[in-house]
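[1] Mind looking at a prediction? Sequence and model below.
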There are 2 protein chains.
Amino acid sequence: MIVKHGMHYLTVLNSARNHKLAPPLAVLRRQQFLIRVLGGRGENRMQGSEFEADSDNILRAITPALDPNRHKGQAGKVAVIGGCREYTGAPYFAAISALKIGADLSHVFCTKDAAPVIKSYSPELIVHPVLEESYSVGDRDRDPISRRVVAEVDKWMERFDCLVVGPGLGRDPFLLDCVSEIMKQARQSNVPIIIDGDGLFLVTNNLGLVSGYPLAILTPNVNEYKRLVQKVLNCEVNDQDAHGQLLSLAKQIGGATILRKGKCDLISDGEIVKSVSNHGSPRRCGGQGDILSGSVAVFLSWARQLILADEGNLIISPKNPTMLGCIAGSALLRKAASLAFEDRKRSTLTTDIIECLGRSLEDICPAC
Amino acid sequence: MIVKHGMHYLTVLNSARNHKLAPPLAVLRRQQFLIRVLGGRGENRMQGSEFEADSDNILRAITPALDPNRHKGQAGKVAVIGGCREYTGAPYFAAISALKIGADLSHVFCTKDAAPVIKSYSPELIVHPVLEESYSVGDRDRDPISRRVVAEVDKWMERFDCLVVGPGLGRDPFLLDCVSEIMKQARQSNVPIIIDGDGLFLVTNNLGLVSGYPLAILTPNVNEYKRLVQKVLNCEVNDQDAHGQLLSLAKQIGGATILRKGKCDLISDGEIVKSVSNHGSPRRCGGQGDILSGSVAVFLSWARQLILADEGNLIISPKNPTMLGCIAGSALLRKAASLAFEDRKRSTLTTDIIECLGRSLEDICPAC
C-alpha cells in the first residue's frame, strides 16, 4: 500500500512532467515530502520489496486472542535492565511501552538514584532499585555487592518472558560488569534478551555475551551499527550491499538476530533478511528506540509462546520468534509514530508516540 | 498587517470621536486593549517598521525540512545549564521547549537536589546531576570538585549544537565560578551560548565571558537590560533612542547578540538592529523567558547548520545565525503566547504556552 502510494505520487510527478504542466510549488513540495517519507525513489522500493516482511499479518498472527480464562502474567512479563543517575526516561519508555501493547507485568531494574524518579513516571511499573554504580561502591565491596546485585535480579529471572538490556543503562564499568553477569544468568535460563543503547556498547566490547545465543536480539541505530560492523566484520558499513552485510554480521555473531534501525528497518538472524519500511514519522526525537525494544520484547514473547504451543504447525513465515518479534515491533512503532506525527507534527515527542501504541495495535489487530 | 490593524482601530476611535458617537464602554475597552496589545501608538509602530524583521519568512527559511533519511541528533542537540536547590521549573521550561520545537535531544545540567525533580517533570529530558552549590562543598574540596564539575559537562560539549546558560541557575558563588569555566570550554569548542536569567547576572559582572564571542546571545528583560547598560555603557536606559543604544551596547560587548525583551523585542549584533513586535500575550507569568531561550537555541542551531551547508548562498537577511535564531524564537514565542492567551486568558501559564508551540510552528511553517 505504501509502495502504491509512493508510486502514485511518482506517477503524478512524471505525468505532470510529460505533459509539461508544472504543478504549483506547494503541490510539488508536498509531493517531494511524501516521496521522501514513503521511502525515497520508487525504484529502490520496488527492488527491495522481495525482502519486505508481511508485517501486519505477522503482527496479527502472533498477537494472542484476549481470553477471560487466562490469568495475570500469561500475556507477558517483561523486565528492563536500565536506568542510572543520568538516564531515567529510556527505561520508563521501554517498560511502559511493553504494558501499553499488552504485557501483563513490566519490571525495571535500575540504580537507587533512578528508582524513585522512574516510579514517579508511572505507578504501573514495578521498579527495583538494585543496580549500583562505581561511585557508590568501595574497592573492597565490589565482589560482594556484585554478587548481591546479580542475585537480586536472578531470583526473578525464571518469571520473565523477556529481558530488555540497555535503555538508559549508562556506561559505568562496575554496573556493566554486573549486567554482563545478569545476561549470562538470563542465557542459562533461556530467557530471550533484547539489547539496545548502552547494552550494545557492552556487547560490542564483549561479543561472547550473545554469540551463539539464538534468543538474543540486537537493535543498533546508525552509529551503533557502524561500531558493530567495524568490530565484528572488521570493515566499514556497506550500504550498497546492506542486506548481504547484515546477513554476514548476524551469521558471524552466531545466530543472534540483528534489527538495524533506519529509514527502513532491516532484520536478520543470519539465515534470512527481512525489511520493514511501513510509513513512520520523520521526527527523530530521542526515545523511539526504547519504545521499539519494549515492543519487540512483548511480540517476541508472544511469538515464542505461539511457536511452542503450535509445535511447528505455524503457517506464518519466518518461523524464528526473534525475527517475528522484530518485524511486529518495528511495524507497530512505525504505525504509532505515524499517527502521533499526524497529530503533533514537529512537536511529536516519544510520550505522544506511546499514547498511540494502543490505537495502532487496534487498527492492525482489533481486540475483538 | 499588525500596523494595519493598529491603524484601523485608531481610525475607528478617531472616527467615533469626530462624529461624537461614543461607542459603548465594552467596545472602547476592547479597542484600547487591542491597541495596547498591537504595539502602542500607531505612529511609533510606523516609525519602527523599517526595523521590523520578516520573522515568519525567516522562521520558515531556517526550519529544516523533515527527512526520513536523517537520524537522531541531526535536528539538534541542546543543553541547558541551570536548576538548583531553589529553581527547577526554569530549566525544564527551556529544555522541553527545545524538544517541542523539533530538537532531537535536550539535556539539563543541574545540581543534585534539582535533578530528581526536573527528571520527574518529563521522561523526555536527559538530566545530569553534576553542579554543586557552596553549602555542599568544603573549602579544601573546592578545586577538585570544580574540576570534576567542569569535566563532567565538557565530556559532552562536542555533541551539543547550543548551550543555554542561566534558567534557574541561582547565584551561588561556587556554582557560578564553575559555570564561568563551562562557558569558557563552550567558547573554545565554538558552541553557541544563549545567556538568560542568572546567567546574565554572571555575565554582567564578568563581561569577558562573552566579549568578542559572536556565538553568544544575551536575552535580558527590562531589569537585566538596565544593569547591562549601566555596567557596559555607564549610563541609564534611553528609550528615545532604544535602537541606537542597543546597537552601541552590542558593539561594545564585541559582537555578542542582544535580544532586549519587551513589548516589542529588539535584537542587535552590533551591526544591525531588528525588532519583532508580532501579536503576543499581555500575560507576564514567569517562565516565558525560559521558553524563549530554549526556542532561540533550536533556531540558532538550525540557522547555523543552514548557513554552513549553503556556504553563503543563503538568500535571507540578516545573515548572522544568532540574529536569525533570536528573530525566529521571538516570533514563535509570541505566536504561542497569543494562542494560549486566546484559550486561557488571565489564567494562562507557561505550560499552556509550551503546549501551543507545536501548533504555532505548524501554523507558520507546516511540517508537510
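    Great, that's in hand.
[2] Show the contacting residues for whichever residue of chain A sits closest to chain B.
    Relative to chain B, the nearest point of chain A is A:Ser347 (2.7 Å; Cβ to the nearest Cβ). Just so you know, the C-beta spots here come from the backbone N, C-alpha and C atoms, and that holds for glycine as well. Contact analysis of A:Ser347 by Cβ atoms under 8 Å, 6 or more residues apart in numbering or on different chains lists B:Leu99, B:Lys100, B:Ile101, B:Gly102, B:Leu357, B:Gly358, B:Arg359, B:Leu361, B:Glu362.
[3] mind running it again at 6 Å?
    B:Lys100, B:Gly358 (Cβ atoms under 6 Å, 6 or more residues apart in numbering or on different chains).
[4] pLDDT at it, what is it?
    Note for A:Ser347: predicted pLDDT of 96.
[5] Identify the element of secondary structure that the residue nearest to A:Leu333 when sequence neighbours are not counted sits within.
    Counting by Cβ to Cβ, 6 or more residues apart in numbering or on different chains, A:Leu333 lies nearest to A:Leu292, which is 5.0 Å off, once chain neighbours are set aside. Element membership for A:Leu292 (DSSP states H and E) is helix A:288-310.
[6] And whichever helix or strand comes after that helix, what's buried?
    With elements assigned by DSSP H and E, the helix or strand that comes after helix A:288-310 is helix A:321-344. Using 16 or more other Cβ atoms under 10 Å in any protein chain shown as the test for burial, helix A:321-344 gives A:321-341, A:344.
[7] for helix A:321-344, packing partners?
    helix A:55-62, strand A:273-276, helix A:288-310, helix A:350-355, helix A:357-364 (3 or more Cβ pairs under 6 Å, 6 or more residues apart in numbering or on different chains; DSSP states H and E).
[8] Identify all contacting residues around stretch A:92-102.
    By Cβ under 6 Å, 6+ apart, stretch A:92-102 touches A:75, A:78, A:80, A:106, A:108, A:118, A:121-122, A:124-125, A:164, A:167, A:287, A:290-291, A:293-295, A:297-298, A:350, A:354, A:357-358, B:123.
[9] are any of those residues buried, and which?
    For those, buried by 16+ other Cβ under 10 Å: A:75, A:78, A:80, A:106, A:108, A:118, A:121, A:125, A:164, A:167, A:287, A:290-291, A:293-295, A:297-298, A:350, A:354, A:357, B:123.
[10] What segments of chain A are strands?
    A:77-81, A:105-111, A:126-131, A:162-165, A:193-195, A:216-218, A:257-260, A:265-268, A:273-276 (DSSP state E).
[11] Can you say which of these is nearest to B:Ile62?
    strand A:265-268 (30.9 Å; Cβ to Cβ).
[12] do that closest one and chain B meet?
    No. Strand A:265-268 is not in contact with chain B by Cβ under 6 Å from any Cβ of the partner chain; minimum separation 11.7 Å.
[13] other SSEs contacting that strand?
    helix A:242-252, strand A:257-260, strand A:273-276.
[14] could you give me the average pLDDT of that strand?
    98.
[15] Just the C-alphas of stretch A:354-368, formatted as PDB.
    Extracted in PDB, the C-alpha atoms of stretch A:354-368 (Å, rounded to 0.1, in the frame of the first residue of the first chain):
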ATOM      1  CA  ILE A 354       3.500   5.800  23.300                       C
ATOM      2  CA  GLU A 355       0.000   7.200  23.600                       C
ATOM      3  CA  CYS A 356      -0.700   5.900  20.000                       C
ATOM      4  CA  LEU A 357       0.500   2.300  20.600                       C
ATOM      5  CA  GLY A 358      -2.900   1.100  21.700                       C
ATOM      6  CA  ARG A 359      -4.800   2.600  18.800                       C
ATOM      7  CA  SER A 360      -2.100   1.400  16.300                       C
ATOM      8  CA  LEU A 361      -2.400  -2.200  17.600                       C
ATOM      9  CA  GLU A 362      -6.200  -2.000  17.500                       C
ATOM     10  CA  ASP A 363      -6.100  -0.700  13.900                       C
ATOM     11  CA  ILE A 364      -3.900  -3.700  12.800                       C
ATOM     12  CA  CYS A 365      -5.300  -6.300  15.100                       C
ATOM     13  CA  PRO A 366      -8.600  -5.500  16.800                       C
ATOM     14  CA  ALA A 367      -9.000  -6.900  20.300                       C
ATOM     15  CA  CYS A 368     -12.500  -8.300  19.400                       C
END
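[16] Alright, calling it a day.
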